[in-house]
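Visitor: The following block contains a protein sequence and its predicted model.
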Amino acid sequence: PLLAAAVSLLGSAAIAQTASPATPQPPSVVFPGQDLHQQITDLVAVAREKGSSGATLQDYGSYRIQLSVRTRSGGAEVHAHWDDVMMVQQGHATLITGGTVIAGESHPDGETLGTRIEGGQSHPLGPGDVFTVRAGTPHQTVVAAGTVYAAVVVKIDEP
């Protein structure tokens, strides 16, 4: 129910449709739940091989809607210009926020990537949970071995 409400606010007619920011956008769009679950299923094979996979559902310029599937923990990251809003679809993980990024490397796009976070706060996540990570906040998603974790992600540009 929470995801359905969030998705109906965000909307789109076709799954995995990517529109450039210059393309006129419809006033409302729906991503049907069964289509999201099918696309997550399709992404799992790549995630099992590489540790993660994803797809952009819609790009509106100032924000974009994506699917993220993980079978392994991600590294630490800090987005200089993006807030993340995530709605957990499948599996369980631990989100670590705050603290210090270890072995962090800054990239020209404003992203900082590191190996892990030290001294952060742990937040258990499961299906139906919604969480936000503001731009500039160190964060890391930790996934237990053998787990498939999937979320709808809304990335909001914070110039």
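Guide: Ah, there it is.

Visitor: can you pull the contacts of residue 139?
Guide: Residues in contact with residue 139 (CB atoms under 8 Å, 6 or more residues apart in numbering) are 76-78, 84, 95-97, 117, 120, 133. For glycine as for every other residue, the C-beta is placed from the backbone atoms N, C-alpha and C.

Visitor: helices or strands up against the host helix or strand of residue 35?
Guide: Using DSSP states H and E, residue 35 maps to helix 33-50. Packing partners of helix 33-50 (3 or more CB pairs under 8 Å, 6 or more residues apart in numbering; DSSP states H and E): helix 2-10, strand 52-59, strand 63-70, strand 82-90, strand 149-157.

Visitor: Output the below-cut-off pLDDT ranges for the chain.
Guide: By pLDDT under 70, the low-scoring segments of the chain are 1-23.

Visitor: and the most far-flung residue of it relative to its centre, helix, strand or coil?
Guide: Using CA atoms, centre = their mean, the residue of the chain lying farthest from its centre is residue 24. It sits 24.3 Å away. Residue 24 falls in the coil class when you classify it by DSSP: H, G, I helix; E, B strand; the rest coil.

Visitor: can you tell me how far it sits from residue 61?
Guide: Distance from residue 24 to residue 61, counting by CB to CB, to the nearest Å: 11 Å.

Visitor: repeat for residue 49
Guide: 32 Å.

Visitor: Confirm for me that residue 101 is in contact with residue 112.
Guide: Yes: using CB atoms under 8 Å, residue 101 makes contact with residue 112 at a distance of 6.1 Å.

Visitor: Would you mind telling me which of the two has more residues around it?
Guide: residue 101 (22 against 16; other CB atoms under 10 Å).

Visitor: need the contact list for residue 66.
Guide: Per CB under 8 Å, 6+ apart, neighbours of residue 66: 54-57, 152-155.

Visitor: which residues does the closest residue to it other than its chain neighbours contact?
Guide: If the residues on either side of it in the chain are set aside, residue 66 comes closest to residue 153, at 4.6 Å by CB to CB, 6 or more residues apart in numbering. By CB under 8 Å, 6+ apart, the contact set of residue 153 is 54, 65-68, 84-86.
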